[in-house]
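Participant: how would this look folded up:
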Amino acid sequence: MINQDLFLFYNVENFYPPNQESLGFHNWDDHKYNLKIRKITNVFRFVEEDFGQLPSIIGLAEIAARSVLEDLIKSDSPICDYEIIYEPSDDSRNLSVALIFDKRKLTLEKYQTLKFQLDEEKEFDTRDILHTEFLYQGKKLNILVVHLPSKRNQDAKKEQRDYIFEKLKEILQKLFDKNESIILMGDFNENPDNEILKELLHNENGEKILDNPFEALLEDDRFSTYHGKKGVCFDQIICTEKSLIEQLDLNKIAAEIYNSPRLRNKDNKNNKYPHRTYSGSRYMGGYSDHFPVILKLENDTARES
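Facilitator: Okay, the predicted model is just below:
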């Protein structure tokens, strides 16, 4: 029985190795890259300080190479014992999702990447979905990591995003049919109250199977990132709450947007915004333009955080 465990998702903003500057940041170099490695690694240290433990699962978006993940788990990192799951996508910016996990707590059974195309003629230049299967506390657990097409350029990729939602619903239905536990984490480029995202929570019979605790956070004006001045909660972790609580003997599952002051801008005028690496072509020297999001699995004896 666990007292508390953390699952975390983090869009780390265009995380390229220094030899890929033409696809990523302006004037990207070894110094700026190594500083970003230290900053993202420190985010995990901050989480450990604030919650009393490291996340068992870390889902990541906007990873441009396996070498970035290897540098994040190098010997002086708090997650140096974690394992990497990563496959490059056919994304136009060479960015993919990834997952890092604590091999002392989870056993990887298998994983696959899910690619998408509208028809035989039209392929997507977008991120794959990563579908992993673990043994966790002796129980089977499906963890899917997504980064759906963005809303850039007047939402030019909405058709692609809606299509992937449709295919994702089919994937989830197969897991629903087998009554398997699911955690779906990622940057959905839609808010939790969007109708297409709300439909994802239900099976083909209209029964609600998944729960999205980030809907309540959005209602409370809690945001994981900002588009201009507008706060949005595109980063979410959705789960089969009932089955997880029963299988793992939990008291509750809670969600949090980790917008620690350490990850925000320092000036009073903009201190609600994440301290990002770049703003356009201007180097800001921060962490990311998104805040991490966390799912907390707790029972009655869990440490209060």
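Participant: where exactly do the strands run in the stretch 101-250 of the chain?
Facilitator: Secondary structure of the stretch 101-250 of the chain by DSSP state E, counting those that start in this stretch: the strands cover 106-114, 129-136, 139-147, 181-187, 225-227, 230-232, 235-239.
Participant: for the third one, which positions count as buried?
Facilitator: Put plainly, it is strand 139-147. The neighbour-count check on strand 139-147 (16 or more other Cβ atoms under 10 Å) flags 141-147 as buried. Placement of C-beta: from N, CA and C, glycine included.
Participant: Can you name the two of these that sit furthest apart?
Facilitator: Using Cβ to Cβ, those span at most 20.5 Å, a distance reached by 141 and 147.
Participant: wait, doesn't residue 299 sit right on residue 250?
Facilitator: Yes - the pair residue 299 / residue 250 is scored as a contact, 5.2 Å apart, by Cβ atoms under 8 Å.
Participant: Between these two, which has more neighbouring residues?
Facilitator: residue 250 (20 against 16; other Cβ atoms under 10 Å).
Participant: Would you confirm that the more buried one contacts residue 297?
Facilitator: Yes - the criterion here is Cβ under 8 Å, and residue 250 meets it with residue 297 at 5.6 Å.
Participant: Contacts only, for the residue lying closest to residue 242 once chain neighbours are set aside.
Facilitator: Nearest non-adjacent residue to residue 242, counting by Cβ to Cβ, 6 or more residues apart in numbering: residue 211, 7.8 Å away. Residue 211 makes contacts with 201, 238-242, 253, as judged by Cβ atoms under 8 Å, 6 or more residues apart in numbering.
Participant: Kindly report the same for residue 60.
Facilitator: 9-12, 15, 69, 97-100, 145.
Participant: Once you drop chain neighbours, what's closest to it?
Facilitator: Leaving aside its chain neighbours, residue 60 sits nearest to residue 98 (4.6 Å; criterion: Cβ to Cβ, 6+ apart).
Participant: Now for the one you found, how many residues are close by?
Facilitator: Other residues close to residue 98 by other Cβ under 10 Å number 23.
Participant: Please apply the same query to residue 198.
Facilitator: If you count neighbours by other Cβ under 10 Å, residue 198 ends up with 15.
Participant: What residues does it make contact with?
Facilitator: 192, 212.
Participant: Give me the distance between it and residue 130.
Facilitator: The gap separating residue 198 from residue 130 is 23 Å, by Cβ to Cβ, to the nearest Å.
Participant: which strands and helices sit next to the host helix or strand of residue 9?
Facilitator: Residue 9 is located in strand 4-15, with elements delineated by DSSP states H and E. Judged by 3 or more Cβ pairs under 8 Å, 6 or more residues apart in numbering; DSSP states H and E, the packing partners of strand 4-15 are helix 30-51, strand 57-63, strand 139-147, strand 181-187, strand 235-239, strand 293-298.
Participant: Go ahead and produce PDB holding the CA coordinates of that strand.
Facilitator: Provided in PDB are the C-alpha atoms of strand 4-15 (Å, rounded to 0.1, in the frame of the first residue of the first chain):
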ATOM      1  CA  GLN A   4       1.400   9.000  -1.700                       C
ATOM      2  CA  ASP A   5       2.700   8.900  -5.200                       C
ATOM      3  CA  LEU A   6       3.100  11.600  -7.900                       C
ATOM      4  CA  PHE A   7       2.700  11.400 -11.600                       C
ATOM      5  CA  LEU A   8       3.900  14.500 -13.500                       C
ATOM      6  CA  PHE A   9       3.500  15.900 -17.000                       C
ATOM      7  CA  TYR A  10       5.600  18.800 -18.300                       C
ATOM      8  CA  ASN A  11       5.800  20.500 -21.700                       C
ATOM      9  CA  VAL A  12       9.400  21.600 -21.500                       C
ATOM     10  CA  GLU A  13       9.300  24.100 -24.500                       C
ATOM     11  CA  ASN A  14      11.300  23.300 -27.600                       C
ATOM     12  CA  PHE A  15      14.000  21.200 -25.900                       C
END
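Participant: That one: partners in the sheet, and parallel or antiparallel?
Facilitator: Strand 4-15 sits in its sheet next to strand 57-63 (parallel), strand 293-298 (antiparallel), going by DSSP bridges.
Participant: From what I see, residue 187 and residue 146 are in contact.
Facilitator: Yes - taking contacts as Cβ under 8 Å, residue 187 lies within contact range of residue 146: 7.3 Å.
Participant: so how far does stretch 96-110 reach from one end to the other?
Facilitator: End-to-end distance of stretch 96-110: 18 Å, with Cα to Cα, to the nearest Å as the criterion.
Participant: Stretch 126-146 now?
Facilitator: Start and end residues of stretch 126-146 are separated by 11 Å (Cα to Cα).
Participant: centre of the chain versus it, how much separation?
Facilitator: With Cα atoms, centre = their mean, to the nearest Å as the basis, stretch 126-146 stands 12 Å off its chain's centre.
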